[in-house]
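Engineer: The following block contains a protein sequence and its predicted model.
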Amino acid sequence: MLMRLAIVLAALPVTLVLHLESESIAPLLVVTVLTVVTVLMPGSAGAALLIGYAALAMAFGEGHPLRLGVLVLIPALHLVHVTSALAAVVPVKTKIEPAALKAPARRFAIVQAITFVVAAFAAVLPSGPNTGLAEVLGLGALTVVIGVVALRI
């Protein structure tokens, strides 16, 4: 039950950011429904749909790509992913020992650190029409670094 509560707590900042970035109540309703689906069926596509919806809403929203809402959503959505994955394999009434969460927490922290280093790098890159190649190379490098680090943990 604790992991399912963690899903709800991780989805709260997502709900708040998307609601504040929108003029309508639709994102609030969509995120609430997807959160309920994820909590009730953590092994379903609910978490992936929640993450995808939030990412698309922020990508097509107005504002700078590295605005505060985006930077808040990065760890929040990753936490939704991690907690729903754990909730999918841990029975509901199982007591979870803190030591069992050590490895997932360490991986979470490492991936977040790498992500925010790449975001800081992206913040200082010059913007303009010729930066497409730099973005593609940066995303490729990020994927390789996360893959290498994740495989070694």
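Structural biologist: Nice, thanks for sending it over.
Engineer: now the residue nearest to the spatial centre of the chain: how far from Thr83?
Structural biologist: Against the mean C-alpha coordinate of the chain, by C-alpha atoms, centre = their mean, the closest residue is Leu77 at 2.1 Å. To Thr83, Leu77 is 11 Å away according to C-beta to C-beta, to the nearest Å. C-beta here means a position set from N, CA and C on the backbone, and glycine is covered the same way.
Engineer: And for Leu34?
Structural biologist: Separation of Leu34 from Thr83 (C-beta to C-beta): 14 Å.
Engineer: Let's test this: mean pLDDT of the helix or strand in which Arg107 is found, rounded?
Structural biologist: Taking DSSP states H and E as the definition, Arg107 sits inside helix 102-124. Mean per-residue pLDDT for helix 102-124: 85.
Engineer: hang on, the earlier thing: mind listing what the residue nearest to the centre of the chain touches?
Structural biologist: By C-beta atoms under 8 Å, 6 or more residues apart in numbering, Leu77 lies in contact with 14, 50-51, 54-55.
Engineer: need those in TSV with pLDDT, neighbour count and distance to Pro42, can you?
Structural biologist: Below are these laid out as TSV (pLDDT from 0 to 100; neighbours: other C-beta atoms under 10 Å; distance: C-beta to C-beta, whole Å):
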residue	pLDDT	neighbour count	distance to Pro42
Val14	95	26	16
Leu50	96	26	11
Ile51	94	20	13
Ala54	94	25	17
Ala55	91	14	19
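Engineer: how about the CA coordinates for stretch 99-113, as CSV?
Structural biologist: Taking C-alpha atoms only, stretch 99-113 is exported to CSV below (Å, rounded to 0.1, in the frame of the first residue of the first chain):
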residue,chain,number,x,y,z
ALA,A,99,17.1,-1.5,2.8
ALA,A,100,15.1,-2.9,-0.2
LEU,A,101,14.7,0.7,-1.6
LYS,A,102,18.4,1.5,-1.4
ALA,A,103,19.3,0.4,-4.9
PRO,A,104,16.3,2.0,-6.7
ALA,A,105,16.9,5.2,-4.7
ARG,A,106,20.6,5.2,-5.7
ARG,A,107,19.7,4.7,-9.4
PHE,A,108,17.1,7.4,-9.2
ALA,A,109,19.6,9.9,-7.7
ILE,A,110,22.3,9.0,-10.3
VAL,A,111,19.9,9.4,-13.3
GLN,A,112,18.6,12.7,-11.9
ALA,A,113,22.1,14.0,-11.4
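Engineer: I appreciate the help and will end here.
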